[in-house]
Every structure is written in structure tokens, then in C-alpha cells.
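K.L.:
any chance you could fold what I've pasted below:
(2 chains)
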Amino acid sequence: MSEYSPIVPREAVERSFAKQGPKQYTLWVDIEHCIGCNACTIACKAENNTPVGVDYNRVIEIEEGDFRDASKTPNVGVTFVPMPCMHCGQPACMAACPVGAITKRKEDGIVLINKDKCIGCRYCSWACPYGAPQFNAEAKIMEKCTLCVHRVEKGLQPACVTTCPAKVRFFGELNELTMVMKERRAKGVAINVGGADTKPSVQYTSK
Amino acid sequence: MNSLIELGLQVPVRLDSTLCSRFRSTKSECAACAAVCPAPGAVRLGDGAGNNSAEINAACVACGACVSACPNGAIRLLEDDQRVAERIAQKVHAGEVFRFACNRAEGRAEMVLPCLSRLTEALVLEPIRGGAQRVELCAPDCSGCGLRKTAQQWQRTLAFSQALCESAGLGAARISSVQVRVGDAEEIRLPARTPNARRRLFGAIAERWKTSGDASPIVAEVGDEVEPEPFRDIVQRHSENSKRTDLLRVLDALPGLNVTSKEVPTLGVPLAYLEVDQRCVACNVCETLCPTGALKHCEEGGNYALEFNAAQCTGCRICELACYHQALHLRETVDLSLLYERRRVTLISAKLAKCQGCGERILGTAVTLCPACQVSGDRRDSVARHFFSGGN
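P.N.:
Residues are numbered from 1 along each chain as shown, chains lettered A, B, ... in the order given. Below is the predicted model of the structure:
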């Protein structure tokens, strides 16, 4: 099975890598077709070797509908929302960090935690509206999704994207990805919760 | 020979970054050194992002204004305060006036300095400790001087020294500034005991030789090939603020000390009194980041207490700026008599509880979830609301 999906083909990803100047690498998740298998979570754990309790990617299940009203037809359903780090345009974690351990890289927009600087105070996890940074109790530092920066720097896609069996996770440069998705008439919805606008870069295709 | 060349080229001040507020926290906007530095480009401040630390390069003219301005005593001249204090002590005559003058001042003075901004409060008070009746700072009009940017610093030191003198019950009038004409200041020399310039140079080399021999704790001297220590380990250490230690020593030894209470505005003095309210979650970030170790926590029998030693606090505001829940604040005024008491005050003391979500320890009995669990609960709700406005 190819690691590229027909929706965002290899050429689109390569155009993203080739793009010059400041850019924003990001993910696009088609939650309409996500099957909630958690393969992304597992692939991430294996790739980044995270300890028990620390998951850079989590899939949230949202149950909807009602079956208790006898006069109506039951319309229950469940939706899966994979939530990695949103690699925000204005990261709340970066603003909260008292020691400047969190930086947003200008060249690719990836938000990273400097493990040497982090003092493990957890301020970033309190500030993040998406709960992305997590405390590694062994190392006593915070960790979070790096957008598989070690793979991306080699021209590879993040592990969660290559693994996704339903091919609903796409990787690319934000503008490039938006263009490709617009061609396919998908509506981009960036989750924006927690009050403050952190300008999340990860996009979701809603129903 | 190498050390001779090195001696000629090196920056005349040494910055102990573990004491620098900017190094410890990117939230710190302290610019005390840069604000008074007269040499363009000598002090470079970080940008507040990854690297926020202050750096001093070879453009430094060794006026000593930053040494005096840094509240945490992070910057030291090669001729450190202790040696200057010894020189002062040799020249003090009991019951007489002790005059400090800058190079440009006319007349004779007990001590001539390149610039009066070199003086710290401890040095201004040193003659009084030695029994001098009064201390005079003789300076011409600073506006015609190349180092004029430093004038604010020695005036600030003068004002704080006067306030300290008053709090010691000696009266502010014991320290004053005198405007003199521009000329060539002449230092009243001690007979024979002052070594000449050549001897001083070789003395300095000998000193360096000696300190390089024993395992000295100066971090900057460690060779380049040693792997740098991670920042998170460095901030766990709290170096001694030698500037404050010197000041406390001088204050304790002032003759006729009669401590009186004197309230001054916290803004502009290197001293503060802290208050902590119920929003404190016992994260200990203030303790970790405090450069001088004025804050310490202790946990005993399920109780958490944060203790504060006001005599060590330099009012650098890192704790206030860093506190996530804004539980910690500096009082607007501070009583100078705190410098004479060395007791630790308990700022907050409360029972520790366990978070019902993750088992992490939290402070207080009002909440059952730690801040992280509160946020993640809210997060899921918000996501659900966002996608399905009518969801259950």
C-alpha cells in the first residue's frame, strides 16, 4: 500500500517540501471518514518511543444523537477526532513557558520543546487549549507532537500519516494543502477552543 | 605569555549568567545593565525568544555601572567589590569626611574612580562602617562626560544608600553629593602600601595563576570541550549574590546601628516584599527561577509551605512574571528594615491533596482536579460543542 493517498498525492507532498521561504507544515484530518482505529496513536508511540501515559496523538470520541425520545427515530452516531499538536500560529504554550523552552521554527512552523531547557513545570499543558503537551514523569520534562520533525527533515511524512489505514490524515504545507483540499471541495475547519485564538494550523474536514 | 595576552584582550567584566534574571526566565524584561551602559553595543540583550540572556562583549569600557546596576550581582569587575572595599578601609580616618571622586572632578579625594557609577551601596557605606563622619560623592556636571549615561546609576545608588543610612538610624545627611568643577582629580595616596601599576599587573597574573590551580567554582573558566550542562540543571542551582552579601555585612557592622522602619516604593530599589494568594498551586517555579534563592519550599506531613527571605530578594520580579496563576505579587512599598532581619517568612502554607484525575499533588481543598486535568476536561467539551452544537 502506498504511503500517499489519492487525495493528497506524492507530487503535492513533494511540492510542500520544495517550497522556499517561511512555511507552515501541518496535518489535515478528514474526520468524516476517520474510523477511530487509533493506528495513528500507536504509530506515533512506536515512532517516538513514548512511555505509558504520554501520547502525542489522541483520538477523541464524540457521541451524538438521542434514542430516548420514543416519538422520534433514534439518530445516534459517533465521531472520532484525532488530536495531535495543532502547531499553532500563536502558540499558547510558547507564551506560557517561563524559560523559553518552546519555540516555533520560522522555516517550517513546527512548534518544538527544547528538552535541555524544559524545567517540567507543566505551564504549557495548562495553557494549551488542546492538551497537547504532556508530562513525561520519567524524564521530568514536557513532551508533545513534533510533527515527526526527524522524518520531515529527511523528506518523509509523519508516521501517523503514512500509517493511517483509512487515508484520512494528510501532511503538507498549509497553503499547498488548502489548495489541494479546495479542489476537492472540502471545507476546512480548524478547531478553535479555549477562548484565546491561538491560530491552530491543523485543519479538519467536517461533515 | 599566553595568559598575559589573554589578560589584555579579555572583557573587563565577568557575567555569572546563573544570577542573571534574563538568563533564568525569558519572561524577565530586566534591562538594568543595558540602561546604564555608556559604551554602544557593549551589552547585548537576548530577544526574549529562545535566548534572552544578557551578554557583555569587548566594547566594554569597564566603568562598572552595570556592576552597580545589576540587582542580582551577576556582573563583577576583575577588581571586585571586596578589593575596592579593602582599599577604602585602608584610607578611612575615623570622624572625618571620606570623598569619592571621578576622574573628571577637580580637587583631592580619598578615592578616585573612573566613574562614580562604579560604586555600589556597600561601597558607599563602607567608609561609614570604618568610622567616617560623612561620605561625599564629588562629581562635576555629568552632561559633558562621555559616560554621562551612567549618571542615573550613581544617583540611584546615592539615593538608596541615603535611605539605607536613614533606616540604620544614622540619618540620610551622612551621605551627600557635591558638585565640583571639571579638572584632574588627585587621589590621596597611602604611603608605600599601594603597589605600582607594573606590580599590580603581575599581581593580577599571579592571582589568575593561583585561581586556575585550585578547583575554582567559576563556571566561565571551564574549558570548551566539556559538554554544556542542560539549562534545567543550571536553574536548580542558586548562586550566592555576593553584592547582597557584601551589603548585609556592611549594614551589620555600621557603628551606632539603630534600625528604624523606613518604607520606600518598591519600584527603583533592589528589594521587595512578596505576597502569595490562594491561587498558588505549589508548582515551585518561583523557587526554581529565583536567581538568589530567596524563596524555598518545604513539605512536611502533607503540608506545603513557601518560605521567603526578604534580605536575599532583589526585586527582580521573575517570580511575579513567571507565576502562571498570578498568585504572587510584589508589595508596592518595602520596609528597608527587612535587610537587617534575616528570618524566613512563610508566604503560604496549605494542605496538599491529590488530583482526582491524574493523582498529581495539588494545593488547597477547594479544587479536586489539577490545572492540567481541568483544562483537558474543558477541552473535550469544547471540541464536542464545536462540532455538534446540539450534542448530548
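
K.L.:
once you drop chain neighbours, what's closest to A:D55?
P.N.:
Distance criterion Cβ to Cβ, 6 or more residues apart in numbering or on different chains; nearest residue to A:D55, sequence neighbours excluded, is A:T41 at 5.8 Å. Bear in mind the C-beta positions are built from the backbone N, C-alpha and C, glycine included.

K.L.:
residues near the one you found, how many?
P.N.:
19 (other Cβ atoms under 10 Å in any protein chain shown).

K.L.:
mind checking the SS state of the closest residue to chain A within the stretch 1-150 of chain B?
P.N.:
Per Cβ to the nearest Cβ, B:T26 is where the stretch 1-150 of chain B lies closest to chain A, at 3.2 Å. Put simply, B:T26 is coil when judged by DSSP: H, G, I helix; E, B strand; the rest coil.

K.L.:
next, count neighbours for it.
P.N.:
Around B:T26 there are 25 residues (other Cβ under 10 Å).

K.L.:
any stretches of chain B with poor pLDDT?
P.N.:
B:1-9, B:48-50, B:191-196, B:211-225, B:364-366, B:375-392 (pLDDT under 70).

K.L.:
how is it partitioned into domains?
P.N.:
B:2-190, B:262-392 (automatic domain parsing).

K.L.:
circling back: so the residue of the stretch 1-150 of chain B closest to chain A sits against B:L45, correct?
P.N.:
No. The criterion here is Cβ atoms under 8 Å, and B:T26 misses it with B:L45 at 11.4 Å.

K.L.:
show me where chain A has helices.
P.N.:
A:10-18, A:39-48, A:92-96, A:123-127, A:149-152, A:159-163, A:174-183 (DSSP state H).

K.L.:
which of these sits most buried?
P.N.:
Counting by mean count of other Cβ atoms under 10 Å in any protein chain shown, helix A:123-127 has the highest mean neighbour count of those, with a mean of 25.

K.L.:
helices or strands up against that helix?
P.N.:
When contacts are defined as 3 or more Cβ pairs under 8 Å, 6 or more residues apart in numbering or on different chains; DSSP states H and E, helix A:123-127 sits against helix A:92-96, helix B:371-387.

K.L.:
returning to what we had before: and the residue nearest to A:D55, what does it touch?
P.N.:
Applying Cβ atoms under 8 Å, 6 or more residues apart in numbering or on different chains to A:T41 gives the contacts A:55, A:57-59, A:82, A:160.

K.L.:
what's residue 173 in contact with, if anything?
P.N.:
Unless you meant another one, I'm taking chain A. A:15-16, A:19, A:23-26.

K.L.:
try chain B instead
P.N.:
B:A173 neighbours (Cβ under 8 Å, 6+ apart): B:R134.

K.L.:
tell me how many other residues surround B:A139.
P.N.:
Quick note: B:A139 (other Cβ under 10 Å) scores 25 neighbours.

K.L.:
actually, B:T333.
P.N.:
For B:T333, using other Cβ under 10 Å, the count is 14.

K.L.:
with B:T314 instead?
P.N.:
25.

K.L.:
with adjacent residues omitted, what lies nearest to it?
P.N.:
The nearest residue in space to B:T314 (Cβ to Cβ, 6+ apart) is B:P71, at 3.8 Å.

K.L.:
return the residues in contact with the nearest residue to A:L174 once chain neighbours are set aside.
P.N.:
Spatial nearest neighbour of A:L174, chain neighbours left out: A:Q24 (4.2 Å); criterion: Cβ to Cβ, 6+ apart. Applying Cβ under 8 Å, 6+ apart, we find A:Q24 in contact with A:87, A:89, A:108-109, A:173-175, A:201.

K.L.:
A:L177 contacts A:W28, doesn't it?
P.N.:
Yes. Counting by Cβ under 8 Å, A:W28 is a contact partner of A:L177 at 5.3 Å.

K.L.:
now do the shared contacts for the two.
P.N.:
A:8, A:170-171, A:203.

K.L.:
contacting residues around the residue sitting nearest the centre point of chain A?
P.N.:
Per Cα atoms, centre = their mean, the C-alpha nearest to the average position across chain A is that of A:P84, at 3.2 Å. Taking Cβ under 8 Å, 6+ apart as the criterion, A:P84 is in contact with A:27, A:40, A:44, A:56-57, A:132, A:145, A:147, A:160, A:202.
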